[in-house]
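Colleague: Let's see this in three dimensions:
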Amino acid sequence: MGALVISCVSRNDSPEAHTRIAGIGGLCPDTGKRWYLSAEQAIAGILHKTHAFQVIIGSRHADVVVERHPEGHLYLKTSADGPLDNNLLLRPECPIS
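Modeller: Numbering: from 1, shown residues only. From the prediction side, this is the model:
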């Protein structure tokens with residue numbers, strides 16, 4: 001199975017970018033139905049290699065990876081993020097279902 005494309009994120013009210021993503025979502029390529037995972041579920045899926053995610057930035061694809069913050073917690077980012085960039089936070093808010 002290929003990587004799922006993240007088209008939206010859910011944010012919490014954290015002032016820190018690395019803790020602001022509460023969840024990710026997109027459309028299932030096979031059915032067109034919406035999917036959604038909490039950030040914790042997505043992190044576990046990446047770490048256990050049961051899920052892979054990408055974002056589309058212009059015409060490029062960037063893989064979503066798990067990073068460890070210096071304070072110790074895990075968070076989602078893209079392989080294309082720089083020190084001040086967070087391509088996931090550029091995605092629109094996930095619709096409420």
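Colleague: can you pull the pLDDT of Pro83?
Modeller: Note on Pro83: pLDDT of 65.
Colleague: Might you report the residue contacts of the nearest residue to Ile24 once chain neighbours are set aside?
Modeller: Excluding the flanking residues, the one nearest Ile24 by Cβ to Cβ, 6 or more residues apart in numbering is Ile6, at 4.8 Å. All C-beta spots, glycine's among them, are computed from the backbone N, C-alpha and C. Ile6 is in contact with 24-26, 53-55, 64, 88, 91, counting by Cβ atoms under 8 Å, 6 or more residues apart in numbering.
Colleague: out of the residues you listed, which one sits closest to Glu40?
Modeller: Ile24 (10.9 Å; Cβ to Cβ).
Colleague: and the closest one, what are its bridge partners?
Modeller: When assigned by DSSP bridges, Ile24 has beta-bridge partners Val9, Leu37.
Colleague: isn't Ala22 right up against Arg11?
Modeller: Yes - between Ala22 and Arg11 there is a contact under Cβ atoms under 8 Å: 6.1 Å.
Colleague: quick one on the thing from earlier: and the residue nearest to Ile24, how far from Gly25?
Modeller: Distance, Ile6 to Gly25, by Cβ to Cβ, to the nearest Å: 7 Å.
Colleague: before we move on, the earlier item: can you put the contacts of Ile6 in a markdown table and add distance to Leu74, neighbour count and pLDDT?
Modeller: Shown next, in a markdown table, are the contacts of Ile6 (distance: Cβ to Cβ, whole Å; neighbours: other Cβ atoms under 10 Å; pLDDT from 0 to 100):
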| residue | distance to Leu74 | neighbour count | pLDDT |
| --- | --- | --- | --- |
| Ile24 | 14 | 25 | 96 |
| Gly25 | 19 | 20 | 96 |
| Gly26 | 21 | 20 | 95 |
| Phe53 | 14 | 21 | 95 |
| Gln54 | 19 | 18 | 94 |
| Val55 | 18 | 24 | 93 |
| Val64 | 12 | 24 | 94 |
| Leu88 | 14 | 24 | 87 |
| Arg91 | 19 | 20 | 91 |
